[in-house]
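1. Got a sequence here, can you model it:
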Amino acid sequence: MRRHTRTRKPRGASVVGRRFEVEVGPVAHGGHFVARADDRVIFVRHALPGEKVLVELTEGTEGDKFWRGDAIEILTASPDRVAAPCRYAGPGLCGGCDFQHVALDAQRDLKAAVVAEQLRRVAKLDVDVTVEAVPGDVDGLRWRTRQRYVELRGGGRGMRKHRSHDVLPVDECLLEAPTGPSYEVRGRGFEVADGGFWQVHPGAPETLVEAVLEALEPQPGESAIDLYAGVGLFSRFLADAVGPGGRVAAVEGDPEASRLSERNVPGVLARAGDVAAVLAGGLPPEWDTADLVVLDPPRVGAKRAVVEEIVRRRPRAIAYVACDPAALARDVAIFGEHGYRLRTLRAFDLFPMTHHVECVALLETGGAELRRGDSG
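-> Purely as a prediction, here's the structure:
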């Protein structure tokens, strides 16, 4: 989730350090807010819509179309502004949290606005989005069951600043959970490699499994393909639902995770490799059709090659688990080209205090698209 500054050719003199008084506009994807000054868009962190703030530019040159900056002084505060619980959150400090200055309910409203805006702009869908709280954190804190620090020379530890390699020494991160992850979900234990992927919010595995099963409604005897399957979280419960008369295939890029999925999901057909390539020729012929698909790609999304391999199999339902609203909207639009419509959408606050949000979208063929006012 950490982003570093990209090196690019300057387009004129640097504007870093310049200051402007601005009125802050809407939230944008990425944890910042839109403002304007000197005929430029400024993406501002540590602000809120409707506030008047003093912005200090942190990135940009005179020829850029947009600049980046931090709100270093709040001239008129939003009613949704709160004191950040962490002393390392703020301009020039730790880059891990975008929204510690925002009341928790308002954080979720901001995330809902971003998901809705991406679907409207990219997929041309007008969807009413609600971001649901998930049990397992403490008022938005103490939920990261896995946490990485930068080890400092001479001892101590630190966190990186926003879009930077610079390290800020810290005593603790308030997002860090008091215990590590539990690999048991619904009474089923999972083997996970050291450092292997597992949802970091303690409520995430149960919540996502429930949302996927509710969306797909798997029936005994059906066939299901779990893509980007990890160690088989969704495969395990799909296998239970389709029963001995059904079948489940799990496709995963990491060979170790794929191997573990075979141990975690008895009877699964596990394949390791690039997902698009496996779908194109790495599964037995009987898997050229499937009733159900679970799609849980990394932040970049599935992209066209994977989407088109899925729709070639004409599943009756697809559950798309997405951690990036922009990638989700792009892929929903591609599915739409092939007749698959967004039926339901649920969004979950699995990353409180940050701009990140998780969605579970159901796509099916025929009928009308999900529209504003429809329940997800």
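2. so how far is stretch 258-272 from its chain's centroid?
-> Taking Cα atoms, centre = their mean, to the nearest Å, the mean C-alpha location of stretch 258-272 is offset from the chain mean by 25 Å.
3. What average pLDDT does that stretch get?
-> Averaged across stretch 258-272, pLDDT comes to 98.
4. Find the nearest non-adjacent residue to residue 142, please.
-> residue 177 (5.2 Å; Cβ to Cβ, 6 or more residues apart in numbering). C-beta coordinates here come from the backbone N, C-alpha and C atoms, glycine included.
5. Count the residues that sit near the one you found.
-> Residues near residue 177, counting by other Cβ atoms under 10 Å, number 19.
6. Tell me how far it lies from residue 102.
-> The gap separating residue 177 from residue 102 is 21 Å, by Cβ to Cβ, to the nearest Å.
7. same check, this time on residue 135
-> With the distance defined as Cβ to Cβ, residue 135 ends up 21 Å from residue 102.
8. These two: which has the busier surroundings?
-> For residue 135 versus residue 102, the count of surrounding residues by other Cβ under 10 Å is larger for residue 102: 24 against 9.
9. and the closest residue in space to that one that isn't next to it in sequence, how far is that from residue 47?
-> In space, and not counting its chain neighbours, residue 102 is closest to residue 80: 5.8 Å by Cβ to Cβ, 6+ apart. Residue 80 is 11 Å from residue 47, where distance means Cβ to Cβ.
10. neighbour count winner among the two?
-> Ranked by neighbour count (other Cβ under 10 Å), residue 80 and residue 47 place residue 47 first, with 30 against 19.
11. Does that one touch residue 28 like I think?
-> No: Residue 47 is beyond contact range of residue 28, at 11.0 Å (criterion: Cβ atoms under 8 Å).
12. Could you tell me whether residue 205 really is in a helix?
-> Yes: under DSSP: H, G, I helix; E, B strand; the rest coil, residue 205 falls within a helix.
13. what about it, neighbour count?
-> 22.
14. who's in contact with the residue nearest to it when sequence neighbours are not counted?
-> Sequence neighbours aside, residue 185 is the residue nearest to residue 205 in space, at 4.5 Å (criterion: Cβ to Cβ, 6+ apart). Neighbouring residues of residue 185 by Cβ atoms under 8 Å, 6 or more residues apart in numbering: 205-206, 209, 233, 236.
15. What values do phi and psi take at residue 185?
-> Backbone torsions for residue 185, taken as degrees, to the nearest 10, come to phi -130, psi 130.
16. swap in residue 93?
-> Dihedral pair for residue 93: phi -110, psi -150, per degrees, to the nearest 10.
17. Let the chain start at 39 from now.
-> Sure thing, new numbering starts at 39, so read that last one as residue 131.
18. what pLDDT does the closest residue to it other than its chain neighbours get?
-> Spatial nearest neighbour of residue 131, excluding adjacent residues (Cβ to Cβ, 6+ apart): residue 206 at 5.9 Å. Listed pLDDT for residue 206 reads 95.
19. Look up which residues are beta-bridged to residue 206.
-> residue 197 (DSSP bridges).
20. what about it, neighbour count?
-> A count of nearby residues for residue 206, using other Cβ under 10 Å, gives 16.
21. ok, it - contacts?
-> 126, 131-132, 196-199.
22. Would you mind putting the residues you listed into a markdown table with pLDDT alongside?
-> Output for the contacts of residue 206, formatted as a markdown table (pLDDT from 0 to 100):
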| residue | pLDDT |
| --- | --- |
| 126 | 96 |
| 131 | 94 |
| 132 | 94 |
| 196 | 95 |
| 197 | 95 |
| 198 | 94 |
| 199 | 93 |
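23. Can I get those in TSV including distance to residue 59?
-> Output for the contacts of residue 206, formatted as TSV (distance: Cβ to Cβ, whole Å):
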residue	distance to residue 59
126	27
131	22
132	26
196	33
197	30
198	29
199	24
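24. buried set for the longest helix seen in the chain?
-> Longest helix of the chain, by residue count under DSSP state H: helix 142-160. Using 16 or more other Cβ atoms under 10 Å as the test for burial, helix 142-160 gives 142, 144-146, 148-157, 160.
25. element containing residue 345?
-> helix 341-350 (DSSP states H and E).
26. which residues sit against that helix?
-> Here helix 341-350 makes contact (Cβ under 8 Å, 6+ apart) with 263, 265, 313-314, 317-318, 326, 331, 333, 335, 340, 356, 368-369, 372-373, 376-378.
27. Among these, which ones are in helices?
-> Counting by DSSP H, these contribute 313-314, 317-318, 368-369, 372-373 to helices.
28. which two from those end up farthest apart in space?
-> Within the ones in helices among the contacts of helix 341-350, 318 and 368 form the most distant pair, 20.4 Å apart (Cβ to Cβ).
29. wait, what's in contact with residue 368?
-> By Cβ under 8 Å, 6+ apart, the contact set of residue 368 is 160-161, 339, 341.
30. Just the C-alpha atoms of the helix or strand where residue 110 lies, please, in CSV.
-> Residue 110 is located in strand 104-114, with elements delineated by DSSP H and E. What follows is strand 104-114 as a C-alpha-only set of coordinates in CSV (Å, rounded to 0.1, in the frame of the first residue of the first chain):
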residue,chain,number,x,y,z
PHE,A,104,-1.6,19.6,-11.2
TRP,A,105,0.3,20.0,-8.0
ARG,A,106,0.3,18.2,-4.6
GLY,A,107,0.2,19.8,-1.2
ASP,A,108,-0.5,19.6,2.5
ALA,A,109,-3.0,21.6,4.5
ILE,A,110,-0.6,23.1,7.1
GLU,A,111,-3.2,25.5,8.7
ILE,A,112,-6.9,25.1,8.9
LEU,A,113,-8.6,28.5,8.5
THR,A,114,-12.2,27.3,8.6
